[in-house]
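S.K.: task: produce atomic coordinates for the following.
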Amino acid sequence: MIFRAIQNEAAGCIAYLIGCERAGVAAVIDPGRADVEHYVELARGRGLTLTHVIDTHIHADHVSGNRDLAGRTGATLCLHEAAEVRFPHTGLRDGERLRLGSVELEVLHTPGHTPESMCLLVTDTSRGPAPWFVLTGDTLFVGDVGRPDFGGETAAVALHRSLFERVLRLDDAVEVYPAHGAGSACGRAMSAKLGSTIGFERRFNPALRHPDPGGFVRALMEGLPPRPANMDQVIARNKGVVMLKRPTPERLRPGELRARLEAGAVLVDIRDPRAFGAGHVAGSLNVWVDSPQFADRVGWFAPPDRPLVLLAETEADAARALGALARIGLDDVPGYVAGTPAVGASGLPVAELPNLTAPELARRLAAERDLVVLDVREPVEWQEGHVPGALHIPMRQVPGRAGELPREKTIALVCRGGPRSSTAGSLLLRQGFTRLVNVWGGMSGWMEAGLPVSED
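M.R.: From the prediction side, this is the model:
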């Protein structure tokens, strides 16, 4: 057997190459759009012919590479028969078995995260008849289970049934390999580990502590994070309702920015927050290309019906950003500008978001009575410790809760390290706030400096 996990760490997505070296055939499970060429090269390098491309469900967080990969290789594109998509595919039935040489994939229909979700139980028949591992898609993660909020409590009840009546009845030794890991928006507390076992998850997974349906549903529906803003657009692409297209951006001269923005484009500044803070085109959104969940953050905050223009430090950064944005279906990117000098050369108004260190923030808090600290981390981070007296609004809630903030006072934005707070600062600048500073180093720098922390 050949088995290879292919992780996209920035997105938290995991695809799998699985097959039989002796027979020279393989399948790719849950392929991402941004990595299609990588899958083709992996198979070619092992002398394998891709015969199947399988998605465990219709993804909501990224655009699938299933059609691109099947088109490139001639492989059969498969989803569960309950999947409602508008493109040719083979529908798989519960209990159906696919053979890849000595490798057998058995379909387990496990609705809950989505109605068509399925797991694939894998057996290497050359070593014995017992299943070796299960590819759980978004039904069971390492340390968590799939989000049920796409279908509400009805979906949560279905997920409970799928988990406790099907997946958890597998032998303790069966290994677990999900479609997402840490960094994905498809769960709440996923581990950074790529794999686990049924026995380990049954014993230690917090989401499985409620075997009764009522308790499971209540625990699962409580405190769900916000749904990604561009989720509907991603699903529409993955169902074939909206056609896929590849962006064909051109490098723009700085002087061309004005016309693009006046025509309705949104400028996304993907430079380091310190460079953004020192000077940026007024009204631009700052999402650092090197920050975790870069593409998802752009998708959360950029208006979904307007084209995007990028301002990057280098050509290489622009190329990386374009690939990441294509992964979540943000294809309307007609152009980009490279280099910090483009900010001044554009002829557009320039704004700043000053950066200061944690010790500098502490000194200013002692000297300035009108300085407000806004912590934009997630609730679990806030509970682990924060600046005494700080306000708390998670980053994704900042645009809708800006009215809670005092415009007449200086606001110091804090996250763990600085990138998220810079994004939140750029959102507030777009809403007319002017007295803002970003804390570079964030709470990590605050704690390293030994400054006081509150856990109330």
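
S.K.: OK, contacts around P254?
M.R.: P254 makes contacts with V337, P341, A342, V343, A345, S346, G347, as judged by C-beta atoms under 8 Å, 6 or more residues apart in numbering. Glycine gets a C-beta too; all of them are placed from N, C-alpha and C.

S.K.: so which of these comes closest to E81?
M.R.: In terms of C-beta to C-beta, no member of these lies closer to E81 than V337, at 47.5 Å.

S.K.: that closest one pairs with what?
M.R.: Beta bridges link V337 to L311, judged by DSSP bridges.

S.K.: tally up the residues packed near it, please.
M.R.: For V337, the neighbour count with other C-beta atoms under 10 Å is 25.

S.K.: tell me how far it lies from G240.
M.R.: Separation of V337 from G240 (C-beta to C-beta, to the nearest Å): 34 Å.

S.K.: just G181 next, same as before
M.R.: In terms of C-beta to C-beta, G181 sits 27 Å off from G240.

S.K.: more neighbours, these two?
M.R.: When G181 and G240 are compared on other C-beta under 10 Å, the one with more neighbours turns out to be G181, at 27 against 15.

S.K.: model confidence score at the more buried one, please.
M.R.: The model reports G181 with a pLDDT of 81.

S.K.: likewise A11?
M.R.: Listed pLDDT for A11 reads 69.

S.K.: identify the residue spatially nearest to A34, adjacent ones excluded.
M.R.: Spatial nearest neighbour of A34, excluding adjacent residues (C-beta to C-beta, 6 or more residues apart in numbering): R327 at 4.1 Å.

S.K.: same deal with P349?
M.R.: A282 (4.2 Å).

S.K.: what sits against that neighbour?
M.R.: A282 neighbours (C-beta under 8 Å, 6+ apart): L348, P349, V350, A351, L429.

S.K.: quick revisit: and the residue nearest to A34, how many neighbours?
M.R.: A total of 26 residues lie near R327 under the criterion other C-beta under 10 Å.

S.K.: surely it and H59 touch.
M.R.: No: between R327 and H59 there is no contact under C-beta atoms under 8 Å: 10.4 Å.

S.K.: pull the helix or strand with minimum mean pLDDT from the chain.
M.R.: Here the helix or strand of the chain ranked lowest by mean pLDDT, DSSP states H and E is helix 231-239, holding a mean of 88.

S.K.: distance from the chain centre to it, please.
M.R.: 14 Å (C-alpha atoms, centre = their mean, to the nearest Å).

S.K.: helix or strand right after it?
M.R.: strand 250-251 (DSSP states H and E).

S.K.: please enumerate residues in contact with that next one?
M.R.: Strand 250-251 is contacted from outside by E315, A318, P334, G335, Y336, V337, A338, using C-beta under 8 Å, 6+ apart.

S.K.: pretty sure the second one sits against V333.
M.R.: No: taking contacts as C-beta under 8 Å, A318 lies outside contact range of V333: 9.4 Å.

S.K.: overlap of the contact sets of the two?
M.R.: By C-beta under 8 Å, 6+ apart, the residues touching both A318 and V333 are P249, L310.

S.K.: which one in the chain is furthest away from the centre?
M.R.: A367 (40.1 Å; C-alpha atoms, centre = their mean).

S.K.: for that one, what are phi and psi?
M.R.: Torsion angles at A367 (phi, psi; degrees, to the nearest 10) stand at phi -100, psi -20.

S.K.: for S422, identify the helix or strand it belongs to.
M.R.: helix 419-430.

S.K.: contacts for that helix, please.
M.R.: Helix 419-430 has contacts (C-beta under 8 Å, 6+ apart) with 269, 273, 276-277, 280, 282-288, 290-291, 297, 301, 351, 353, 355, 374, 376-377, 395, 398-399, 402, 405, 411, 413-415, 436, 438-439, 442.
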